[in-house]
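Trainee: sequence unknown, structure follows:
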């Protein structure tokens, strides 16, 4: 794990914001912890860090934690509201929850102004980790790490959050639910049947590589699925270009499909179901003929937390069993 070293700030406005705030980090966690609040040492994506247990002023930026924090009744002081839509109203709140915006142009000043005693960073916001740590040294990043077993990473993330928010029993239950869903799906799957993962967006179908392709790619190593096509990812997040003819030639028995645009409702939106099932070249593919297609929930692309994956594996188990 990497050490936590400060680097020069990449956002010029942050320096001014810190000055105006009188260095929020100096006035938040250290003072709070000195006041007698209990602390816990956890191992996040950067190493060991001591943070306050059940912090009162939380900034959460990692969408893979939102459902868990919402279910546990955590109140936020700042969040990336455009990333939340209406999925987590208890987190996004009203005007009292400051808007950090999207990761492409984050509002660093909003983080400073919220005076957090904990920042839950990572995933889409991982590139600004150093800036955030300048604001509040009590920052944890727990999102699943590349190259690690994905299910184990989801459970590790949940366990860390359970320690920090004093919800260890609840965290253990979430991990148990995930394990059960995976076990059921593995048991129901026939490895002689080949599987392909697809990602749709902008009216196009893309290929999700086994083990790498966003969302659906993790199913292959976790469930021991037999790929219909063995090809590594060029663009793991958005999917690789692939023709419907190439999909047809792979002749998959099963399709798992992530629709990246399902939550956005933009003009001209074409659903994954329409793109896949109305494609003339795919009409003779076994997955289409036998209706062996699992479409991920519309909210999956914005969620990607342990609950979303648990539901996905349950859906897989039900589909395979039927």
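Mentor: Perfect, I can see it now. Computed from a predicted structure; not experimentally measured.
Trainee: Would you map the helices across the stretch 51-200 of the chain?
Mentor: Ranges of helices in the stretch 51-200 of the chain, per DSSP state H, counting those that start in this stretch, are 66-71, 89-92, 108-114, 129-135, 150-164, 168-188.
Trainee: In CSV, list those helices along with mean pLDDT, mean neighbour count and distance to residue 283.
Mentor: Where you see a C-beta, it was placed from the backbone N, CA and C, and this is true even at glycine. Listed next are the helices of the stretch 51-200 of the chain as CSV, based on pLDDT from 0 to 100; neighbours: other C-beta atoms under 10 Å; distance: least, C-beta to C-beta, whole Å:
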stretch, mean pLDDT, mean neighbour count, distance to residue 283
helix 66-71, 98, 22, 37
helix 89-92, 94, 16, 42
helix 108-114, 97, 23, 50
helix 129-135, 95, 22, 48
helix 150-164, 98, 21, 33
helix 168-188, 98, 17, 26
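Trainee: Can you convert the ones you listed into a markdown table and add a column each for distance to residue 122?
Mentor: Formatted as a markdown table, the helices of the stretch 51-200 of the chain follow (distance: least, C-beta to C-beta, whole Å):
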| stretch | distance to residue 122 |
| --- | --- |
| helix 66-71 | 12 |
| helix 89-92 | 16 |
| helix 108-114 | 14 |
| helix 129-135 | 8 |
| helix 150-164 | 9 |
| helix 168-188 | 17 |
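Trainee: Out of the ones you listed, which is closest to residue 142?
Mentor: helix 150-164 (4.1 Å; C-beta to C-beta).
Trainee: Please compute how far the closest one lies from its chain's middle.
Mentor: Remark: helix 150-164 is offset 12 Å from the chain centroid, using C-alpha atoms, centre = their mean, to the nearest Å.
Trainee: other SSEs contacting it?
Mentor: Applying 3 or more C-beta pairs under 8 Å, 6 or more residues apart in numbering; DSSP states H and E, we find helix 150-164 packed against strand 39-44, helix 66-71, helix 168-188, helix 219-223, helix 306-321.
Trainee: Output the ones you listed as a markdown table; include the columns distance to residue 247.
Mentor: Formatted as a markdown table, the helices and strands packed on helix 150-164 follow (distance: least, C-beta to C-beta, whole Å):
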| stretch | distance to residue 247 |
| --- | --- |
| strand 39-44 | 39 |
| helix 66-71 | 32 |
| helix 168-188 | 23 |
| helix 219-223 | 16 |
| helix 306-321 | 19 |
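Trainee: Among those, which comes closest to residue 153?
Mentor: The nearest among the helices and strands packed on helix 150-164, by C-beta to C-beta, is helix 306-321 at 9.6 Å.
Trainee: Walk me through the domains of the chain.
Mentor: For the chain, automatic domain parsing gives the domain ranges 12-166, 190-321.
Trainee: now the last one: mean pLDDT?
Mentor: What domain 190-321 shows for mean pLDDT is 94.
Trainee: From the contact counts, what lies against the longest strand anywhere in the chain?
Mentor: Counting by DSSP state E, the longest strand found in the chain is strand 194-201. Counting contacts by 3+ C-beta pairs under 8 Å, 6+ apart, strand 194-201 packs against strand 204-208, helix 219-223, strand 226-227, helix 244-250, strand 254-259, helix 272-277.
Trainee: Would you give the sheet partners of the very next helix or strand once past the third one, along with the direction of each?
Mentor: Scanning the chain past strand 226-227 towards its C-terminal end, the next helix or strand to appear is strand 240-241 (assignment: DSSP states H and E). If you go by DSSP bridges, strand 240-241 pairs up with strand 204-208 (antiparallel).
Trainee: List the buried residues for the strand it pairs with?
Mentor: For strand 204-208, a neighbour-count test (16 or more other C-beta atoms under 10 Å) marks 205, 206, 207, 208 as buried.
Trainee: what's it in contact with?
Mentor: By C-beta atoms under 8 Å, 6 or more residues apart in numbering, the surrounding residues in contact with strand 204-208 are 196-200, 213-217, 229, 231, 233, 235, 238-242, 244, 246-247, 256, 258, 275-276, 279.
Trainee: Spit out the contact partners of residue 282.
Mentor: Residue 282 sits next to 244, 247, 248, 276, 288 when contact means C-beta under 8 Å, 6+ apart.
Trainee: Now it: closest residue in space, sequence neighbours ignored.
Mentor: residue 288 (5.1 Å; C-beta to C-beta, 6 or more residues apart in numbering).
Trainee: So that neighbour sits against residue 277, correct?
Mentor: Yes. Contact criterion C-beta atoms under 8 Å: residue 288 and residue 277 qualify, at 6.2 Å.
Trainee: quick one: the closest residue to residue 144 other than its chain neighbours from residue 178, how far?
Mentor: Closest residue to residue 144 apart from its sequence neighbours, by C-beta to C-beta, 6+ apart: residue 153 at 3.5 Å. Per C-beta to C-beta, to the nearest Å, residue 153 is found 11 Å from residue 178.
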